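Asker: how does the following fold in three dimensions:
(chains A and B)
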Amino acid sequence: MSTLLELRGVEARYGPIKALHGVSLTVAEGEIVALLGANGAGKTTTLRAVSGTVRHTGEIVFEGKQIVRSKPDAVARAGIAHVPEGRGLFAELSVWENLRMGAYVRGERRTLRQEAPRVFKYFPWLERRRDQQAGTLSGGEQQMLALARALVGRPRLLMLDEPSLGLAPTIVQEIFRIVTELNADDGLTVLVVEQNANVALATSARAYVLEVGQVAIEGESAELRRHEGVRKSYLGY
Amino acid sequence: MTPPLAFVWSEFAQQVTSGLAAGAIYASLALALVLIYQTTNVVNFAQGEMATFTTYIAWTIMNHGVAYWPAFVLTLLIAFGGGVTIERVLIRPVEHRPELVIVILTIGMLIAINGLTGWIFGPEVKAFDSPFPNRSVIVGGVAISIQDIGTFCICLGTVVVLWLFFRFTTLGLAMRSVAFNPDASRLMGVRVGWMLALGWGFAAALGAVAGMMAAPTVFLDPDMMLVVLIYAFAAAVLGGIDSPVGAVVGGLTLGVVINLLGSYVNFVGQELRLPTALAVLLLVLVIRPTGLFGRVVVRRV
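Answerer: Below you'll find the predicted structure:
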């Protein structure tokens, strides 16, 4: 498997506060990689550095090209879909209009014609409720719409920030089942940030554990589940 | 002159139609204000002066022998380009500064463009051609001026074209998404800065329509849009400052109400039209603080 995304010594700061102290990681094509860690460890900031929504330095290579310090819209056009914390939906727009925005990155109309049926296979209810205002969906539905919107643009890399946040366990299961399916069906590459280490390690092939803005532990997810430190700190047994 | 207490239907209908024509002009300018407010989050105080300046450009083009409609279209294009340029050159550098800074900048632009207009074109009042004949048509016993019908149709037509653009085109959708959530739009690959510039371009073009429609009756002078701008503010606030539909409905309502008050309420007359309109506005806002169409956005988290 070839490397799709590589971070080398990425540092990031919010004003005077440094959030990342040199993060290095790789994501191979077709892989699901999880980023674990406590609150404030720098998981979200790592994704934001990649998508260009936080000031950062270091090296970020995507498909062999440096994208460090690229503008967020340029990163999106390069093929990285970032579903941010809080999902970043357009609450005032309809479900369908949100999906149209997802296709914007590749030229809306043709992309939407090709990709919408494929995405509706995974989220059949979206098609029935395409005219509903996105802000009136339930939390789980909003998360799924955010995921569907990202998929419509056929990203090379999907970055999910805490898809489980605030959702009921069955819905979390459902979301990760769909992510696994997409990975198996289309070879979708995923970098997922998660508080819920159990479900993240069960879904991913490899994982990184961040502590105070640095990678503390990395390895195969199956191994990390047996790792004593990971078990005690993140799995709770 | 009709005696004060006599009520004649045909005259009432005439007042309503000429109110609608004036209201359509307020609506265009109010919509321009809303377009900029939605994306830049400030009220553009220079909107009226931008409209005046572009109307002078139309006047200049027509003076060079170009027919009305080609000059009209050319003016819209120039206004659009001018709006885009203003955003890129003047607004962009202060984009992330506090809103007050941008407000003061637009007030500065008001004064600067006003001065520039007088300096380039001279302070004297000029006549501005109307594309419509100065006649009336009789509809159901009511004489309606073709000028009023034309003004109404051009202004509302422009609004409809814009609405179709925002509703059905990819670019229009992207511009709306930027108005709602610029950060999320960036993640969708939208060049947010350019969308803001396009918003200013459309606002300037709408203003040019308002200016060219107003000029035949108010005549062309550097201050001609001052009162219209105040009515447009009132219309935008009346409709809810972030609602395009509200701006249009607010503009039309205001036009009709002012005209009726001016002709049927004795003490209002010409002089008290503006204060009365603002009093009505105040009343509406006391009852509905978000305006007629302004929404309190409800969303689940």
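
Asker: please identify which helix or strand holds the closest residue in space to B:Val66 that isn't next to it in sequence.
Answerer: Nearest residue to B:Val66, sequence neighbours excluded (CB to CB, 6 or more residues apart in numbering or on different chains): B:Leu74, at 7.1 Å. For every residue, glycine as well, the C-beta is placed using N, CA and C. B:Leu74 is located in helix B:68-86, with elements delineated by DSSP states H and E.

Asker: how about the CA coordinates for that helix, as CSV?
Answerer: C-alpha atoms of helix B:68-86 as CSV (Å, rounded to 0.1, in the frame of the first residue of the first chain):
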residue,chain,number,x,y,z
TYR,B,68,-30.8,53.4,-23.5
TRP,B,69,-30.9,49.6,-23.2
PRO,B,70,-27.3,48.9,-24.3
ALA,B,71,-26.2,51.6,-22.0
PHE,B,72,-28.3,50.1,-19.2
VAL,B,73,-26.6,46.7,-19.6
LEU,B,74,-23.2,48.2,-20.0
THR,B,75,-23.8,50.1,-16.8
LEU,B,76,-24.8,47.0,-14.9
LEU,B,77,-21.6,45.3,-16.0
ILE,B,78,-19.4,48.3,-15.0
ALA,B,79,-21.3,48.5,-11.6
PHE,B,80,-20.7,44.7,-11.1
GLY,B,81,-17.0,45.1,-11.8
GLY,B,82,-16.8,48.2,-9.6
GLY,B,83,-18.5,46.4,-6.7
VAL,B,84,-16.1,43.4,-7.0
THR,B,85,-13.1,45.8,-7.1
ILE,B,86,-14.3,47.7,-4.0
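
Asker: about what we covered before: contact partners for the residue nearest to B:Val66?
Answerer: Residues near B:Leu74 by CB atoms under 8 Å, 6 or more residues apart in numbering or on different chains: B:Ala58, B:Ile61, B:Val66.

Asker: dump those residues to CSV, plus secondary structure, neighbour count and pLDDT.
Answerer: Shown next, in CSV, are the contacts of B:Leu74 (DSSP: H, G, I helix; E, B strand; the rest coil; neighbours: other CB atoms under 10 Å in any protein chain shown; pLDDT from 0 to 100):
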residue, secondary structure, neighbour count, pLDDT
B:Ala58, helix, 25, 96
B:Ile61, helix, 18, 96
B:Val66, coil, 15, 94
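
Asker: now, which of those sits nearest chain A?
Answerer: Proximity of the contacts of B:Leu74 to chain A, judged by CB to the nearest CB, is greatest for B:Ala58, which lies at 34.8 Å.

Asker: isn't the closest one right next to B:Val73, touching?
Answerer: No: using CB atoms under 8 Å, B:Ala58 makes no contact with B:Val73, being 10.0 Å away.

Asker: can you find the helix or strand of chain A with the lowest average pLDDT?
Answerer: helix A:228-230 (a mean of 79; mean pLDDT, DSSP states H and E).

Asker: which outside residues touch that helix?
Answerer: Taking CB under 8 Å, 6+ apart as the rule, helix A:228-230 contacts A:Leu36, A:Ala197, A:Val209, A:Ile217, A:Leu224.

Asker: if you set the cut-off to 6 Å instead, what comes out?
Answerer: A:Leu224 (CB atoms under 6 Å, 6 or more residues apart in numbering or on different chains).

Asker: could you do stretch B:231-250 as well?
Answerer: B:26-27, B:29-31, B:33-34, B:37-38, B:159, B:251, B:254, B:277, B:281, B:284, B:290-294.

Asker: strands of chain A, residue ranges please.
Answerer: A:3-14, A:17-28, A:32-37, A:56-62, A:65-66, A:80-83, A:157-161, A:189-193, A:206-211, A:214-220 (DSSP state E).

Asker: need those in TSV (columns: mean neighbour count, distance to B:Gly207 and mean pLDDT).
Answerer: Putting the strands of chain A into TSV (neighbours: other CB atoms under 10 Å in any protein chain shown; distance: least, CB to CB, whole Å; pLDDT from 0 to 100) gives the following:
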stretch	mean neighbour count	distance to B:Gly207	mean pLDDT
strand A:3-14	18	40	93
strand A:17-28	18	44	93
strand A:32-37	26	49	94
strand A:56-62	18	41	94
strand A:65-66	10	43	92
strand A:80-83	28	37	96
strand A:157-161	25	42	96
strand A:189-193	25	46	96
strand A:206-211	23	52	94
strand A:214-220	16	54	92
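
Asker: out of those strands, which gets nearest to chain B?
Answerer: Between chain B and the strands of chain A, the shortest gap by CB to the nearest CB is with strand A:80-83, which sits at 5.2 Å.

Asker: elements contacting that closest one?
Answerer: On a contact count with 3 or more CB pairs under 6 Å, 6 or more residues apart in numbering or on different chains; DSSP states H and E, strand A:80-83 meets helix A:139-152, strand A:157-161.

Asker: so who does A:Glu194 touch?
Answerer: A:Ala34, A:Ala200.

Asker: one step back: please identify the buried residues of the helix holding B:Leu74?
Answerer: Within helix B:68-86, the residues that count as buried by 16 or more other CB atoms under 10 Å in any protein chain shown are B:Ala71, B:Phe72, B:Thr75, B:Leu76, B:Ile78, B:Ala79, B:Phe80, B:Gly82, B:Gly83, B:Val84, B:Ile86.
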